[in-house]
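> quick one, structure for this:
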Amino acid sequence: MAFLTLLRKRLLGLLLVVFGVSLITFAISHLIPGDPARLIAGDRASDELVAGIRHQLGLDLPLYQQYGRYLLDLVQGDLGTSIRTNRPVLEDLQAFFPATLELAVVALFLAIVVGVPLGVLSAVYHNRAIDQIARTLAVTGISTPAFWLGLGAIVLFYGHLGWLPGGGRLSEGLAPPTTITGFYLIDALLAGNFSLFVDALKHLILPAATLGFVTLGVIARQIRSAMLDQLGEDYIRTARAYGLSRWTVILRHALPNALIPSVTVLGLTLGDLLYGAVLTETVFAWPGMGAYVVKSIQSLDFPAVMGFAILVSFIYVLLNMAIDLLYRVIDPRIGEVN
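Modelled structure (predicted):
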């Protein structure tokens, strides 16, 4: 019964979020100066041709009617038609989404692999040299703009050292693997093409490391704070009194309990990475949703921009719902309280 109540609340919240995001995005999109019909027709097009395109796109209707039509289509699962590509926005997003998701997942993996141990060491060696180094790295990761870090990585590892490619998902001349999951790394392995896997991995390292470094600081600081709270609890001193080694207590008792409040940060970070991938994909010419939405903004492609915002917000709410359910599995006391 409690599960159904939670699910009902989250579904209602999902509807409200989608409505709010669509309204805000619609308003901002139409505040941007410029005329999509004029961009499509060209600067030398006649006013009659531009007016015809505006009528065809429905841009000559009052704003409330445009938004009402968009909501009716949205209820039916239609995100509209892209002004720039003349294809359904949902099809465009489905084509670009796997590249963005692969980048975000690998970036999150790198951030967790580095950020969690960094946070643990920072808490265990509180106010020592390791803690100072870890906090410096965390603050640097949080405060460094992704586009600046990406440009620096390209100049160093591609321009000067020549170790890694500077952009794209594959080297020029290589055909993508047969689409199974949409992830080039997985699809290349499933196809048994190891050389293609290595090439895709090389292209993924720089953008994923850039995106992950920004997130690393958030994860490290959260783990550090949670670990400091746990290391001061009575059960830690009791475990040590029973003769357990220091690192056994830290890894088997303190860390699992510290991860419980960190689940929210770790889960919602994936949603942040989907939004944050916009700049990273632009810098590295990564063919994902970020690059797609940037080109759409430049072309005043309102349906594409709104579709991107709604899709990512939808994923964000689903992640939040999954985290709430995961909390009940990790800590059953939450279900008892609710």
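> so what touches stretch 264-281?
Stretch 264-281 has contacts (C-beta atoms under 8 Å, 6 or more residues apart in numbering) with 99-101, 103-105, 107-108, 111-112, 145-147, 150, 207, 210-211, 214-215, 218-219, 222, 286-291, 293-294, 312, 315-316, 319-320, 322-323, 326. (Each C-beta comes from the backbone N, C-alpha and C, glycine too.)
> okay, and for this protein, where does confidence drop off?
In the predicted model of the chain, residues 1-4, 6-7, 10, 34-35, 38-43, 328-338 satisfy pLDDT under 70.
> can we see that at 50?
For the chain, the stretches with pLDDT under 50 are 336-337.
> residue boundaries of the strands in it?
Assigned by DSSP state E, the chain shows no strands.
> about what we covered before: what subset of the contacts of stretch 264-281 is buried?
Among the contacts of stretch 264-281, the ones that count as buried by 16 or more other C-beta atoms under 10 Å are 99-101, 103-104, 107-108, 111-112, 146, 150, 207, 210-211, 214-215, 218-219, 222, 286-291, 293-294, 312, 315-316, 319-320, 323.
> show only the entries of the residues you listed found in helices.
Of the positions in these, 99-101, 103-104, 107-108, 111-112, 146, 150, 207, 210-211, 214-215, 218-219, 222, 289-291, 293-294, 312, 315-316, 319-320, 323 sit in helices, assigned by DSSP state H.
> who are the contact partners of Asp131?
Going by C-beta under 8 Å, 6+ apart, Asp131 touches 121-123, 125.
> again, only this time at 6 Å
The neighbours of Asp131, taking C-beta atoms under 6 Å, 6 or more residues apart in numbering as the test, are 122, 125.
> run a quick neighbour tally on Leu61.
Neighbouring residues of Leu61 were enumerated by other C-beta atoms under 10 Å; the total is 14.
> without its sequence neighbours, what residue ends up closest to it?
If you skip the residues right next to it in sequence, Leu61 has Arg69 as its closest partner in space, 7.6 Å away by C-beta to C-beta, 6 or more residues apart in numbering.
> and the residue nearest to Phe314 when sequence neighbours are not counted, how close does it get to Asp234?
Residue nearest to Phe314 in three dimensions, not counting chain neighbours: Val18, with 6.3 Å by C-beta to C-beta, 6+ apart. With distances defined as C-beta to C-beta, to the nearest Å, the gap from Val18 to Asp234 amounts to 46 Å.
> ok, Asp301 next?
Using C-beta to C-beta, Asp301 is found at 59 Å from Asp234.
> the more surrounded of those two?
Just comparing Asp301 and Asp234: by other C-beta under 10 Å the higher neighbour count belongs to Asp301, 27 against 7.
> fine by me, thanks again.
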